[in-house]
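**Q** Quick one, what's the 3D model for this:
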Amino acid sequence: MKKLFALFAATFIAASAYAGEFPDISIDDLKKAIEAKKVTIIDVNGAASYKKGHVPTAVDFTAVKGKLADALPKDKNALVVAYCGGPSCSAYKAAATEAEKLGYKNIKHMSAGISGWLQAGEKTEKAN
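**A** All right, here's what the predicted structure looks like:
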C-alpha cells in the first residue's frame with residue numbers, strides 16, 4: 001500500500017509541476033511591458049510566420065536557436081515571454097524551457113499566441 005501511495009504521490013507531483021509550468025501573461029500586460037521596454041519576447045511560430053508578422057520587438061526563436069543567450073538580457077530576473085500560435089499550441093515551451101535552463105527566473109507564456117494578438121486588433125511587425 002505504501003508503494004502504491006508513493007507512486008500516486010510522485011505521479012501527482014510530476015503532473016502538477018509539468019502543468020502550468022510557466023505562468024500566463026495577458027495581452028494588456030505584455031503591451032505595457034513592451035511600452036516600458038521591460039520584456040524580451042520570443043516568437044516560436046517559425047521563420048515564415050515570423051516574417052509575415054510577429055508581436056513587436058519579438059525575436060525569432062528559429063533564428064536564435066542554440067544562441068538564445070545572446071538574445072536575452074544579462075539580468076536573469078528580467079521578464080521573458082514566449083508565445084506560439086494560440087491557446088492550444090505548446091511549442092512555446094521549447095523557448096521557455098531553454099531560457100529557464102539558462103537561469104532566467106521570470107518567464108511567462110502569452111497563451112493567446114499570435115492568433116489572439118491579432119484577434120485583439122493588435123499590430124504586428126514584419127521581418128525584412
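**Q** contacts and neighbour counts: CA atoms only from here.
**A** OK.
**Q** Okay, now the unreliable bits of this structure?
**A** 1-20 (pLDDT under 70).
**Q** And the helices in this protein?
**A** Per DSSP state H, the chain carries helices over the ranges 2-18, 27-35, 47-52, 61-64, 68-71, 92-101, 113-119.
**Q** For residue 80, find the nearest of the ones you listed.
**A** Evaluated over the helices of the chain, closeness to residue 80 peaks at helix 92-101, with 8.0 Å, by Cα to Cα.
**Q** tell me which residues in the closest one are buried?
**A** Within helix 92-101, the residues that count as buried by 16 or more other Cα atoms under 10 Å are 92, 93, 95, 96, 97, 99, 100.
**Q** same check, this time on stretch 106-116
**A** So stretch 106-116, judged by 16+ other Cα under 10 Å, has buried residues 106, 107, 108, 109, 110, 111, 112, 113, 114, 116.
**Q** Which of those residues sits closest to residue 55?
**A** Among the buried residues of stretch 106-116, and counting by Cα to Cα, the member closest to residue 55 is residue 114, at 7.2 Å.
**Q** Tell me how far that closest one lies from residue 124.
**A** Per Cα to Cα, to the nearest Å, residue 114 is found 9 Å from residue 124.
**Q** joint contacts of these two?
**A** 54, 55 (Cα atoms under 8 Å, 6 or more residues apart in numbering).
**Q** one step back: any chance of the helices of the chain in a markdown table, with distance to residue 77 too?
**A** Formatted as a markdown table, these follow (distance: least, Cα to Cα, whole Å):
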| stretch | distance to residue 77 |
| --- | --- |
| helix 2-18 | 21 |
| helix 27-35 | 14 |
| helix 47-52 | 26 |
| helix 61-64 | 20 |
| helix 68-71 | 14 |
| helix 92-101 | 11 |
| helix 113-119 | 23 |
